[in-house]
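Q: Quick one: sequence and predicted model below, then my questions.
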Amino acid sequence: MSDLRDLYQEVILDHNKRPRNFRILPQSTHKADGINPLCGDRISVYLDVEDGVIKDIAFQGAGCAISSASASLMTEALKGKPVAEVEHLFEAFHNVVTTDCECPRGLGKLSVLAGVRDYPSRVKCATLAWHAVRAALERHTEPVATE
Amino acid sequence: MSAPPALSTLPPARAAGLDLARIRAEFPILRQRVHGKPLVYLDNAASVQKPRAVIDAIGECYGGYYANIHRGVHLLSERSTVAYEGAREKARAFLNAASVQEIIFTRNTTESINLVASSFGGSVVKAGDEIVITGMEHHSNIVPWQLLCERTGARLKVAPFTDAGELILEEYERLLDSGRVKLAAFVHLSNALGTINPIKLMIELAHARGVPVLVDGAQAVPHLAVDMQALDCDFYAFSSHKIYGPSGVGVLYGKQAFLEAMPPYQGGGDMIRLVTFEKTEYADLPNKFEAGTPSIAEVIGLGAALDWLTAIGLDAVAAHEHELLDYATARLQEIPGLKIMGTARDKAALAAFTLQGVHPHDIGTILDREGVAIRAGHHCAQPVMQRYGVPATARASFAVYNTRDEVDALVKSLWKVKELFE
C-alpha cells in the first residue's frame, strides 16, 4: 500500500474529490476537448485570455483520480500566468511525470504528480488536461487525443 | 469506514468435478508473482492465457516440421499442410459445422466480421436496406456495418436492451419487420455485461422473415458449447486467443451456400485456381477466402487449444465458471457502493462493476499492485457505457483456471481501494 500512497497522495485525492475550477467558462476566449481513446475519458478546458495572460481557466469532464486531479492542479497553476509560460510549464511537468529528474522548483504543487512516473500506463491520464490546454491555445477545433 | 467482512459463509469450493490444481499447473504463466504478489489473472475476456499443450504445439511446428502450406512437394510442406488442415477439421468438429469448407481462418473475430461485411454485405446490401444489430455490441460488430452503410447508403438499426442488460426481443422483432433488413448481426455473449443472448430464438425470428444472421461468438466459445446445426446460424465468428489458443487467428463459420455465392474478400496467393492477366479463376472453399500465407503455426496452436478444451469438456468448464460467477457476484455485493452492471438472468463469465467515488482506472491500478489483473475502461463497447451513463467500468472476467481464492483476492483488494479513497 505504501507505494500506492506515492501515486495517490493526499493532495491528489483531495483534488479528485473536490476539483478546483470545475465549471464552464461562459465567456471563454479559448476552448478545447481532450480525449483519451484508451479509456474514453473526456475533458473540456476553457480559458479566458486577455493581453496574453490567462485571466481565468476552468475545466469539466469525467476522468480518473489522476486526470481529474491533474486538470484541477493545472488550472490553479496556470491562472494568472502569461500564455507564453504554458509551454515551459508543460515541458517541466512532462519531464516530472515521465523521467526520474529532480522536480524543478517552479512546478509547485504540480510535483505531487511525480509518482505517475512509476505507472507508465497512467502518464496519459496526467497529461490529458495539458494537451487540451495546448490545443485550445492553438485553436484546434477537433478534440485532441492522447494517442 | 466499515471493516471488510469475514470470509463468506457460502459453501466451500467445489470445482464442478474439475481438478483445478492440475489445470492451473498446465499454465506456466500463472505461476508468477507480480509486484511481489501471486498473479490473479481476471482479464480473460480481453485475452486468455495459454496451456502448455498449445505452447508446445506451436514450438513443435516451428522446431520440427514448419514450411509453407498447400504448395510444397517436400515433406515439411506436406506435414505442415496436414497439421493446418487438421486444425480446420478440429474447428469444424468444435462448431459441428457440416463441412470443413465452411471453416475460414482469419486473423481474429474482427476480421471475420469485416469479411462478411465486405464480401456478403458489399454484394447484397444496397441503398435503403437495413442491418440490425443490438445495443450491446463490441465495436467490432458495429464499425464494419457502419462502414458498409456509408459505402452503400444502407442504414444501421439498433435493438435496445433493458437496465438489466437483456435484449428487448419485441424491439428486435419490430426492427426485423421493416422488410428492408438484409442481415442481423449480434453478439452471443456480451463482453461488457456478460449477457448471454437467446441466439437460437433470435436466429429463428430472423429466418422467419428471410433475414440471414451473423453471430459474434468471441466471448461465447470459451464458455458455452455451440452447435451450428442446432443453431442454424448463417455466419459465426470467433477468435483463437480467447479460447486458449494463440493470437493472430480467427475463425469464420459460414454456410456453404452463402460462402459460395460471395465474392473473395482479398486477392492473392492460395485463393486462386488459375491466373492470367485477362482473368482469374478463384479457388474452391475454403481457400477462396484465405489469400496469402496464413498464420500456420498459430492455426495449428488453435487446433491444440480446441483439443485441450474439448478434453476438459465445455459443460464442466461452464459449470465451474457459473459457480465462480455466482460466488463473485455475492462477494462483490458485500462491498458498499459497488454496483454490478449487467444482471441478466442468463449470464456468464464476467462481472462488470463501478465503485462509487472511484474511477475504474484507479481501481485497475490499485488492484494491479495487489497482483490482481482486471480490465478497466469502456471494453470497446462505448455505446454500452453511454447506455448506463458511465465513462467506464471495471471488469473481472473468468476462465477455467480461476479459483474462489482468486475471487477472494479480488474482493480483498477492492476493500483496499475503498480504504485508500475514503
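A: Ah, there it is.
Q: CA only for contacts and neighbour counts going forward, please
A: Will do.
Q: Mind listing the strands the helix or strand of chain A with the lowest mean pLDDT pairs with, and their directions?
A: Every helix and strand of chain A was ranked by mean pLDDT, DSSP states H and E. The lowest is strand A:144-145, at a mean of 76. Paired neighbours of strand A:144-145 in the sheet (DSSP bridges): strand A:30-36 (parallel).
Q: What are the buried residues along the partner strand?
A: Of the residues in strand A:30-36, A:H30, A:K31, A:A32, A:D33, A:G34, A:I35, A:N36 count as buried by neighbour count, 16 or more other C-alpha atoms under 10 Å in any protein chain shown.
Q: now stretch A:51-58
A: Of the residues in stretch A:51-58, those buried (16+ other C-alpha under 10 Å) are A:V53, A:I54, A:K55, A:D56, A:I57, A:A58.
Q: so the last one, which of the three states?
A: Right, A:A58. At A:A58 the chain is in strand, as set by DSSP: H, G, I helix; E, B strand; the rest coil.
Q: Do I have it right that it meets A:V49?
A: No. At 12.0 Å, A:A58 and A:V49 do not qualify as touching, with contact defined as C-alpha atoms under 8 Å.
Q: B:Y388: neighbour count?
A: Neighbour count of B:Y388, defined by other C-alpha atoms under 10 Å in any protein chain shown: 12.
Q: Could you check how far it is from chain A?
A: Taking C-alpha to the nearest C-alpha, to the nearest Å as the measure, B:Y388 falls 14 Å from chain A.
Q: Okay, and A:L47 sits in which element?
A: Secondary structure assignment for A:L47, by DSSP states H and E: strand A:41-50.
Q: ok, residues contacting that strand?
A: Here strand A:41-50 makes contact (C-alpha atoms under 8 Å, 6 or more residues apart in numbering or on different chains) with A:24-25, A:27-36, A:54-64, A:83, A:128-129, A:132-133, A:136, B:391.
Q: repeat for stretch B:94-101
A: B:88-89, B:92, B:103, B:226-229, B:253, B:256, B:285-286, B:306, B:310.
Q: anything in stretch B:24-37 near chain A?
A: No. Under the criterion of C-alpha under 8 Å from any C-alpha of the partner chain, stretch B:24-37 makes no contact with chain A; the nearest approach is 10.5 Å.
Q: got the angle for the strand holding A:L47 vs strand A:30-36?
A: 160 degrees (axes from the mean of the first three to the mean of the last three C-alpha atoms, to 10 degrees).
Q: Now find how far off-centre the helix or strand hosting B:K412 is within its chain.
A: According to DSSP H and E, B:K412 maps onto helix B:404-421. When distances are taken as C-alpha atoms, centre = their mean, to the nearest Å, helix B:404-421 is centred 27 Å away from the chain's centroid.
Q: Please spell out which residues along that helix are buried.
A: Neighbour counts using 16+ other C-alpha under 10 Å place B:404, B:406-418, B:420-421 of helix B:404-421 among the buried residues.
Q: Could you pull up the mean pLDDT of that helix?
A: Averaging pLDDT along helix B:404-421 gives 97.
Q: Who are the packing partners of it?
A: In terms of contacts (3 or more C-alpha pairs under 8 Å, 6 or more residues apart in numbering or on different chains; DSSP states H and E), helix B:404-421 is packed against strand B:40-41, helix B:314-332, helix B:360-369, strand B:372-373.
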